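Enquirer: missing the sequence, but the structure's below:
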């Protein structure tokens, strides 16, 4: 049973660029959440997608956007990157009615 | 606003010792609480999930307790091993929200 997968593993960008991160949920899961984890901190909630709609959003600017596809996979897009966006980006999947979240290995984004 | 605190921030113990990690939260209206393990630079591995109606959950050498009224949870690790060295994070899911709110974690080192 495949768990949550994310791509790419690592990414280096420069300020002002745009980036797209991808996530495939655990088999059978229909809900995807994205989190940002700065070094030494706990993950911070960005948003959650269910039935291809953004169901809830954390305290992140509009530069952060997402999408969920009919097969439940998801993308996180960040525009106009700045140095403070450097972090580990984590994707989590769950079944809507159970809410136990399972995390992927993350994408390490470095903005220079 | 829900806030989650983990104490201590770091802990170093000799192999074989039993230990307790603490997690506190400010709003008792939680839906569930999860404990996670994170190895350096990696994603989160779910250890235990406690529903708000439960008092504790056990998995192998791990036991997690929940006291909603006092806003506390503890993770007990029996007979610690060097392989237990990692950062342990707790997170709560509130009744009115889908997001997980994390503490900053406890960094555990088990010395051989």
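Expert: On my side now, so go ahead. Remember, predicted model here, so these are calculated numbers, not experimental data.

Enquirer: so how far is residue A:111 from the one residue in chain A that gets nearest to chain B?
Expert: Taking CB to the nearest CB, chain B has its nearest neighbour within chain A at residue A:42, 3.1 Å off. (Each C-beta comes from the backbone N, C-alpha and C, glycine too.) Residue A:42 is 21 Å from residue A:111, where distance means CB to CB, to the nearest Å.

Enquirer: of those two, which one has the most company?
Expert: Taking neighbours as other CB atoms under 10 Å in any protein chain shown, residue A:42 and residue A:111 compare with residue A:42 leading, 22 against 19.

Enquirer: do you know how far that one is from residue A:26?
Expert: Residue A:42 sits 22 Å away from residue A:26, going by CB to CB.

Enquirer: please enumerate the strands of chain B.
Expert: B:4-7, B:10-14, B:19-25, B:30-38, B:44-51, B:56-59, B:62-67, B:72-77, B:86-94, B:100-102, B:106-111 (DSSP state E).

Enquirer: same thing with chain A?
Expert: A:5-7, A:10-13, A:19-24, A:31-37, A:44-50, A:53-57, A:64-68, A:74-78, A:87-94, A:102-103, A:107-111.

Enquirer: take the ones you listed and write them to CSV, including distance to chain B.
Expert: Formatted as CSV, the strands of chain A follow (distance: least, CB to the nearest CB, whole Å):
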stretch, distance to chain B
strand A:5-7, 8
strand A:10-13, 10
strand A:19-24, 11
strand A:31-37, 7
strand A:44-50, 4
strand A:53-57, 5
strand A:64-68, 14
strand A:74-78, 14
strand A:87-94, 6
strand A:102-103, 4
strand A:107-111, 7
